[in-house]
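Participant: Show me how the following folds:
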Amino acid sequence: MTDAVLAESSREILEQCPTPTSTTGLVIRRSDQRMFEGQAESAIDVRKSLHVEEVPLPDLAADEVLVAVMASAINYNTVWSAMFRPIPTFRFLDKLAKGNPDFARHATDQHVLGSDAAGVVVRVGPSVRHWRVGDHVVVGTLHTDEQDPITQWDGMLSTSQRAWGFETNFGGLAHYAIVKATQLLPKPAHLTWEEAACNTLCLMTSYRMLISDRGARVKIGDLVLVWGATGGLGAYATQLAKAAGCQVVGVVSSASKVELARSIGCDLVINRYDAPGADGLSSLEGWRWLGSRIRDHFGEDPHCVFEHVGRPTFGASVYLARRGGTVVTCGSSHGYVHEFDNRHLWMNLKRIIGSHGANYQEAAEANRLVQMGRIMPALSEVHPLTESAEAVHRVHRNVHIGKVGVLCLAPSEGMGVTDPELRASIPAERLRLFRSDGPTVKGA
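Facilitator: The predicted model follows:
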């Protein structure tokens, strides 16, 4: 099967190939769940818990699809899995197995990780109607039960919703992945495999947070503050806000990231380490300094603060949003327990919106913007699957920018483009905004 996929064989040939019974993937092991107990997070080396090894593949359920993964990418949920924090993700797999006999297959002793992927459909279950063998696809993160009534309203509200490759098994950091048909979207034809694979989770999460009527619903002229503007979420938030006609303040963590933040659309870029005082932006003095910088430049405070950092920034976010403004949050990569002065919230009629992932329609709308060439990939570096543990380590240590990609079945970068005309119409420097002039595949 792998040879046929790499040869870009026809649907008929792919259908005649034997179905893979195992896959190589990046896994954590159930037996390692306690290996980091008692260690501070800063002392944990996630490379010790991550392994690239062979894993048996179960049969597909009726509504599932087997995807030959050409490329994937690293998200922070893989860091959490590798640290077994805040809880070991094997608990998610065990809970999933108890809820539905079809999902008992997920509760194994190896958890295949990864919540991004681009690849080729090689098998479809008997209930799958809209996808065929040979289709080029990207994979959305939302794994949910479409027969749950509330899923027809908003899949993210269903108690069955889970993050694929984090709360389910057989994720995208592998040669073959098992996904539900309702996770699939057409691969943007002008992008390479690795460029297409890096967008799904972060872009779709950012889209729901900012654009969707379930998020902040930013509009033309709004001022949006984006923490971590050159990271995975921040890079897509900046692009979406600019596409929606907003002004953007980007906060970054080093002088080297300032110019990159400007290049992706930030109207004002602030290095958080320029803040006065020993506590920087963790103190009221720092918040006032940042607020003054924003008002000096724009003459007003932010309508919306895009929040995902958590503990170090949340108090500042509540403080900095304008009267009647919004803080929208999708996570806490640097601490879940937040502290803020509630007077800044209630006395100024501000709102905090919790946002998580994206439903299928929101994912489709976000992917359409990529297909149109309106949103650029935030891919900064690419690793082979054999070195994906190092890629996760880099994300954990925050020594990366944008998204860190992983080649799975694709033997090299640059493959997968089927619309060269659209690609040629986009300046090459826009497609490679986050890429350096160094080696394109780390460790190759």
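Participant: so what does the strand ranked longest in the chain touch, helix or strand wise?
Facilitator: The residue-count maximum for a strand in the chain (DSSP state E) belongs to strand 64-73. Under the contact criterion of 3 or more Cβ pairs under 8 Å, 6 or more residues apart in numbering; DSSP states H and E, strand 64-73 touches helix 2-6, strand 118-124, strand 176-180, helix 193-197, strand 403-407. C-betas here are computed from N, CA, C, even on glycine.
Participant: Burial-wise, tell me which of these comes out on top.
Facilitator: helix 193-197 (a mean of 31; mean count of other Cβ atoms under 10 Å).
Participant: State the mean pLDDT of it.
Facilitator: Regarding helix 193-197, the rounded mean pLDDT is 98.
Participant: Same question for stretch 348-362.
Facilitator: On average, stretch 348-362 scores 95.
Participant: Between the two ends of that stretch, how far is it?
Facilitator: 31 Å (Cα to Cα, to the nearest Å).
Participant: the bottom helix or strand of the chain by mean pLDDT?
Facilitator: Within the chain, no helix or strand scores below helix 342-346, which has a mean of 90 by mean pLDDT, DSSP states H and E.
Participant: helices or strands up against that one?
Facilitator: Helix 342-346 makes packing contacts with helix 314-320 when contacts are defined by 3+ Cβ pairs under 8 Å, 6+ apart.
Participant: Which residues does the helix it packs on contact?
Facilitator: 225, 227, 281-282, 284, 286-287, 290-291, 294, 301-302, 305, 307, 327, 329, 332, 338-341, 344-345, 350, 352 (Cβ atoms under 8 Å, 6 or more residues apart in numbering).
Participant: circling back to that earlier point, can you give me the offset of the least confident helix or strand of the chain from its chain's centre?
Facilitator: For helix 342-346, the separation from the chain centroid amounts to 31 Å (computed by Cα atoms, centre = their mean, to the nearest Å).
Participant: What residues of it count as buried?
Facilitator: 344, 345 (16 or more other Cβ atoms under 10 Å).
Participant: likewise stretch 120-137?
Facilitator: Buried residues in stretch 120-137, counted by 16+ other Cβ under 10 Å: 120-125, 128, 131, 133-137.
Participant: which residues does residue 249 bridge with?
Facilitator: Beta bridges link residue 249 to residue 225, residue 268, judged by DSSP bridges.
Participant: For it, which residues are in contact?
Facilitator: 223-226, 266-270, 294, 297-298, 302.
Participant: now, among these, which is nearest to residue 177?
Facilitator: Using Cβ to Cβ, residue 226 comes nearest to residue 177 of those, at 30.6 Å.
Participant: burial measure for that closest one, as a count.
Facilitator: Residues within reach of residue 226, counting by other Cβ atoms under 10 Å, total 32.
Participant: Quick check: it touching residue 252?
Facilitator: No. Applying Cβ atoms under 8 Å, one finds residue 226 not in contact with residue 252, separated by 9.5 Å.
Participant: closest to residue 149 among the contacts of residue 249?
Facilitator: residue 224 (34.2 Å).
Participant: So for the closest residue to residue 339 other than its chain neighbours, what's the pLDDT?
Facilitator: Nearest residue to residue 339, sequence neighbours excluded (Cβ to Cβ, 6 or more residues apart in numbering): residue 315, at 6.0 Å. Residue 315 is assigned 90 on the pLDDT scale.
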